[in-house]
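Peer 1: need coordinates for the following:
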Amino acid sequence: MTETVALRARTGRDRRPVWEEPPTRIGQGFKAAFLGLLVLSVLFPLWVILVTSLSSRETLAEAGGIVVIPRGIDTAAYETIFAGGAVTRALWISTLVTVIGSALALTVTVLAAYGLSQPRSVGYRWLLIYFLVPFLVYPPLVPKYLVVTGLGLKDTIWALILPPAISVFNLVVVRGFFQAIPQELLDSARVDGASHFRTLVRIVLPLSRAVIAVVGLFYAVSYWNVWFDALLFIDRNDMYPIQRVLQSYLLAGQAPHTSGGSTGVSMPPTEAIKMAVVVLTVAPIVAVYPFIQRHFIKGVLIGAVKG
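Peer 2: Have a look, this model is predicted:
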């Protein structure tokens, strides 16, 4: 026995693969340096945007337009864009679109995914093919525009909510998660007299919090970042979402309109106004993410293991 163990040790049969070996100090140092540079590449632009938005005209002039090291705090850019009312109204429109759209899209996705995950559903194969065809062959833009305008949705928030109300990718992800739930558990609920709706609410949804949180985050980010649909279907300035206002500030170079006439205070620098709008656009999603980070990481790991 001892000779066999020694022979295996000499031939290297008991050695584990390289990826299963404990990391060396050099490897750990390389990983730490790489992750540190990656985090820095993400945080540094955000820091520059925030500092520039809070800089005065003199600081921006000395720095050449982009500030890295802060020299005091000047909130004139935020006061200016909020005084005009356009950004405040755009934030309200984007919030409505995000909340209503995410709730509607998540409800439709969950209901459709549950129905398509049940093999005994009537015509579920044909319905699945019906959903997958637009996923593989994206519909042209002209029919989409004609449908939205034909339904009278132009210049309303429903033009931003209904067209992307369901994502086939998210539907497939949620359906795959529902299919991983043991069928015996659902059959036992049916034997006890529970309806499909009660089974979904009392059994399936509590077991699917992680994937629902992930899909909900995807929908929320998608609705918050809606811009192209607003460019197509929204012509009224008072119905612009925040992304459309951001485009007008950054690309078109439009200055915010202040209410109440001249206040005797000079306008803040254009760069500070642009960066302030960027901060207001990014801040809500950044503020929401930490509350669902735990579910997001769990959902991604579960999807990686089961997928």
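Peer 1: number of nearby residues for the residue lying closest to residue 288 once chain neighbours are set aside?
Peer 2: Distance criterion CB to CB, 6 or more residues apart in numbering; nearest residue to residue 288, sequence neighbours excluded, is residue 220 at 7.1 Å. Just so you know, the C-beta spots here come from the backbone N, C-alpha and C atoms, and that holds for glycine as well. Neighbour count for residue 220, taken as other CB atoms under 10 Å: 22.
Peer 1: gap between residue 220 and residue 279?
Peer 2: Distance from residue 220 to residue 279, counting by CB to CB, to the nearest Å: 19 Å.
Peer 1: now residue 92
Peer 2: In terms of CB to CB, residue 92 sits 17 Å off from residue 279.
Peer 1: who's more crowded, these two?
Peer 2: More neighbours surround residue 279 than the other of residue 92 and residue 279, with 18 against 12 (other CB under 10 Å).
Peer 1: tell me who's in contact with the more buried one.
Peer 2: 49, 50, 53 (CB atoms under 8 Å, 6 or more residues apart in numbering).
Peer 1: now do it, the pLDDT please.
Peer 2: Residue 279 is assigned 88 on the pLDDT scale.
Peer 1: and if you look at residue 268?
Peer 2: Per-residue pLDDT puts residue 268 at 74.
Peer 1: ramachandran angles for it?
Peer 2: The phi/psi pair for residue 268 (degrees, to the nearest 10) reads phi -70, psi 170.
Peer 1: contacts only, for it.
Peer 2: Neighbour list for residue 268: 56, 57, 74, 76, 77, 80 [criterion: CB under 8 Å, 6+ apart].
Peer 1: how about the nearest residue to it, chain neighbours excluded?
Peer 2: Nearest non-adjacent residue to residue 268 (CB to CB, 6+ apart): residue 76, at 4.0 Å.
Peer 1: what's the burial count for that neighbour?
Peer 2: Neighbour count for residue 76, taken as other CB under 10 Å: 19.
Peer 1: change the start of the numbering to 258 and stick with it
Peer 2: Got it, the first residue is 258 from now on, which makes the last one we talked about residue 333.
Peer 1: show me what contacts residue 410?
Peer 2: Residue 410 makes contacts with 416, 419, 490, as judged by CB under 8 Å, 6+ apart.
Peer 1: out of those, which is nearest to residue 504?
Peer 2: Residue 504 has its nearest neighbour among the contacts of residue 410 in residue 490, at 14.7 Å by CB to CB.
Peer 1: on the three-state scheme, residue 395 is what?
Peer 2: coil (DSSP: H, G, I helix; E, B strand; the rest coil).
Peer 1: name the nearest residue to the most centrally placed residue in the chain, ignoring sequence neighbours.
Peer 2: In the chain, the residue lying closest to the centroid (CA atoms, centre = their mean) is residue 478, at 2.8 Å. Spatially, and ignoring its direct neighbours in sequence, residue 478 is nearest to residue 542 (6.1 Å; CB to CB, 6+ apart).
Peer 1: check contacts around the one you found.
Peer 2: Applying CB under 8 Å, 6+ apart, the residues near residue 542 are 477, 478, 481.
Peer 1: how close does the first one sit to residue 290?
Peer 2: Computed with CB to CB, the distance linking residue 477 and residue 290 is 34 Å.
Peer 1: top of the contacts of residue 410 by neighbour count?
Peer 2: residue 416 (23 neighbours).
Peer 1: which residues touch that residue?
Peer 2: Contacts of residue 416 by CB under 8 Å, 6+ apart are 405, 410, 486, 490, 491.
Peer 1: re earlier: now intersect the contacts of residue 536 with the helices, please.
Peer 2: 306, 307, 310 (DSSP state H).
Peer 1: of these, which is the most crowded?
Peer 2: Among the ones in helices among the contacts of residue 536, residue 310 has the most neighbours (other CB under 10 Å), with 24 neighbours.
Peer 1: next, residue 405: secondary structure please.
Peer 2: helix.
Peer 1: so it makes contact with residue 417?
Peer 2: No: between residue 405 and residue 417 there is no contact under CB atoms under 8 Å: 9.8 Å.
Peer 1: need the residues touching each of the two.
Peer 2: Residues within reach of residue 405 and of residue 417 at once, by CB under 8 Å, 6+ apart, are residue 490.
Peer 1: in terms of neighbours, single out the busier of these two.
Peer 2: A direct count of neighbours by other CB under 10 Å for residue 405 and residue 417 places residue 417 higher, at 28 against 20.
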